[in-house]
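In: A structural model of the following input is requested.
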Amino acid sequence: MDCLIVGGGAIGLLTARELRAAGASVTLLERQDFGRESSWAGGGILSPLTPWTVPDAITRLCRWSQQIYPTLAQELFRHSGIDPQWQPNGMLVRLEAADGDAVRRWSRENGVATEFLERADVARLEPNLATMERAVLLPQVGHIRNPRLLAALRAEAEASGIRLLSHQPVTDLEIASDRITTVVTESCRYQADRVVIAGGAWSGTLGKLVGLSLPIEPVRGQMLAFAGHPAWLQRIVLAGGRYLIPRRDGTILAGSTVEHAGFDRNTTAEAGSQLAEFARHWLPPLRNCPIEHHWAGLRPGSPEGIPIISRHPAIANLYFNCGHFRNGLVMGPASARLLADLVLERPPVVPAAPYRIQSITLQN
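Out: You can find the predicted model right below:
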């Protein structure tokens, strides 16, 4: 079976990996360089920021993926020689008074370890952090260095025989007898038995080529990187919807914004100032620390953040794996497995119904 995947971010690469492991011949088309959009631009937290607030459909994909990530990281390191730097160092979340019951209910229903902390407990765990009156620690939450993850996925893909073609923006999907016959780019034409759209924030545009109005739109996120020290912060810290992430080398990331700015991925001075203020408030050692980088990426926004992992309702050989919003990395392995299950007609790794194309307007 020949499979062609449109989109070379984490979702596209993970999907290609699953299909190749099942014996498929896989070609991956990317509109620019591989893994340079939201997959690269995010922080790599392997959890929704407040997992007790997300729909069950997201939780199922996250829980499956979280269990597989240690093995995935080891396999990628072994196959590519690139360490994705998976770190299960925990996430510390500032709590409001009303959050406690929701956290306890979610923890109980999903079997997730949690520790409720008061001011002194937080200070003991993170002595460099500003005063935090109440918090919950999710000790099993980790993060991955996403640029290294993408590099490892690409190197493994090349070694396994997946055909990787960059700078191939798709301009048309030709249809005959209710099947995609040809994927057209600016320079080439491609045929395949199965076609998968995993185009991130561009998936809505690609859907229009086959008469679908997908509820996916670009949502800009800006981030900062500080040249910190490994001793300053041990855990991911979340407060008020923003976060700090400590990397192994002492780099500390601060993120992120949520901006509906179309396909504009430029950074802004205002967002940079707000993120710097947040970071330096919660981690005072950063006040004398230089900002190394300020960047932005475009997330594939979708209603409630629930991805579309589905076959087209009328085109038998066209599939979608897109719309992961802020949780593409943590949902990625499960999303890729489920998509492969659908293509290969295997029993689904999680129930497929919540991710089917529904409430979609077929265009005339």
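In: contacts, neighbours, all on C-alpha from now
Out: Noted.
In: how many residues are close by Ala225?
Out: Around Ala225 there are 20 other residues, counting by other CA atoms under 10 Å.
In: which residues touch the most centrally placed residue in the chain?
Out: Closest to where the C-alpha atoms of the chain average out (CA atoms, centre = their mean) is Gly328, at 2.0 Å. The contact partners of Gly328, taken as CA atoms under 8 Å, 6 or more residues apart in numbering, are 10-11, 39.
In: could you save the residues you listed as CSV and add columns showing distance to Ile309?
Out: Shown next, in CSV, are those (distance: CA to CA, whole Å):
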residue, distance to Ile309
Ala10, 15
Ile11, 11
Ser39, 18
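In: mind listing the helices for the protein?
Out: Secondary structure of the chain (DSSP state H): helices at 10-21, 38-41, 56-80, 100-110, 119-125, 146-160, 203-208, 269-282, 328-344.
In: who's in contact with the fourth one?
Out: Under the contact criterion CA under 8 Å, 6+ apart, helix 100-110 has outside partners 52, 112-114.
In: what pLDDT, on average, does it get?
Out: The pLDDT scores in helix 100-110 average 93.
In: CA-only coordinates of it in CSV, if you can.
Out: Backbone C-alpha positions of helix 100-110 (Å, rounded to 0.1, in the frame of the first residue of the first chain) are rendered in CSV as follows:
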residue,chain,number,x,y,z
GLY,A,100,-9.5,21.6,44.2
ASP,A,101,-12.6,19.5,43.7
ALA,A,102,-12.2,19.3,39.9
VAL,A,103,-8.6,18.2,40.3
ARG,A,104,-9.5,15.5,42.8
ARG,A,105,-12.3,14.2,40.6
TRP,A,106,-10.2,14.1,37.5
SER,A,107,-7.3,12.4,39.4
ARG,A,108,-9.6,9.8,40.8
GLU,A,109,-11.4,9.0,37.5
ASN,A,110,-8.1,8.8,35.5
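In: can you mark which positions in it are buried?
Out: Residues 103-104, 106-107 are the ones in helix 100-110 that count as buried (16 or more other CA atoms under 10 Å).
In: picking up where we left off before, wait, which of the helices of the chain is closest to Arg247?
Out: helix 146-160 (11.0 Å; CA to CA).
In: counting by contacts, list what the closest one packs against.
Out: Applying 3 or more CA pairs under 8 Å, 6 or more residues apart in numbering; DSSP states H and E, one finds that helix 146-160 contacts helix 10-21, helix 38-41, helix 56-80, strand 163-165.
In: just want the angle from the first one to helix 328-344.
Out: Right, helix 10-21. Angle of helix 10-21 versus helix 328-344, following axes from the mean of the first three to the mean of the last three CA atoms, to 10 degrees, is 40 degrees.
In: circling back to that earlier point, PyMOL command for the buried members of the contacts of helix 100-110?
Out: Remark: buried members of these, expressed as a PyMOL selection using 16+ other CA under 10 Å:
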select buried, resi 52+114
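In: need the contacts of helix 100-110 in JSON lines with distance to Val343, can you?
Out: Below are those laid out as JSON lines (distance: CA to CA, whole Å):
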{"residue": "Trp52", "distance to Val343": "31"}
{"residue": "Val112", "distance to Val343": "32"}
{"residue": "Ala113", "distance to Val343": "35"}
{"residue": "Thr114", "distance to Val343": "37"}
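In: hmm, which two among the contacts of helix 100-110 are most spread apart?
Out: With CA to CA as the measure, no two of the contacts of helix 100-110 lie farther apart than Trp52 and Ala113, at 12.6 Å.
In: one step back: and the helices of the chain: which comes nearest Asn89?
Out: Comparing the helices of the chain by CA to CA, helix 119-125 comes nearest, at 11.7 Å.
In: low pLDDT regions in the stretch 1-150 of the chain?
Out: Low-confidence segments of the stretch 1-150 of the chain (pLDDT under 70): 97-98.
In: contacts only, for Cys289.
Out: 226-228.
In: is Glu186 in contact with Val170, as I believe?
Out: Yes: counting by CA atoms under 8 Å, Val170 is a contact partner of Glu186 at 6.8 Å.
In: comparing the two, which residue is more hemmed in?
Out: Neighbours per residue, other CA under 10 Å: of Glu186 and Val170, the larger number sits with Val170, 22 against 12.
In: mind checking how far the closest residue to that one other than its chain neighbours is from Ile357?
Out: Excluding its sequence neighbours, the residue lying closest to Val170 (CA to CA, 6 or more residues apart in numbering) is Thr185, at 4.2 Å. Separation of Thr185 from Ile357 (CA to CA, to the nearest Å): 25 Å.
In: and for Arg78?
Out: 37 Å.
In: more neighbours: which of those two?
Out: Legend: neighbour count by other CA under 10 Å for Arg78 and Ile357, higher for Ile357 (19 against 13).
In: how about that one, what does it touch?
Out: Per CA under 8 Å, 6+ apart, neighbours of Ile357: 308-313.
In: report the buried members of those.
Out: Among the contacts of Ile357, those buried by neighbour count (16+ other CA under 10 Å) are 308-312.
In: what about the residue nearest to Val170, how many residues nearby?
Out: 17.
In: ditto for Pro351
Out: Residues near Pro351, counting by other CA under 10 Å: 12.
In: next, give phi and psi for it.
Out: phi -50, psi 130 (degrees, to the nearest 10).
In: can you give me the distance of it to Ile216?
Out: Using CA to CA, Pro351 is found at 22 Å from Ile216.
In: for Thr251, which of the helices and strands packed on helix 146-160 is the nearest?
Out: So among the helices and strands packed on helix 146-160, helix 38-41 is nearest, using CA to CA, at 14.9 Å.
In: can I get the contacts of Gly328 in JSON lines with neighbour count?
Out: As requested, the contacts of Gly328 are exported to JSON lines (neighbours: other CA atoms under 10 Å):
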{"residue": "Ala10", "neighbour count": "30"}
{"residue": "Ile11", "neighbour count": "28"}
{"residue": "Ser39", "neighbour count": "26"}
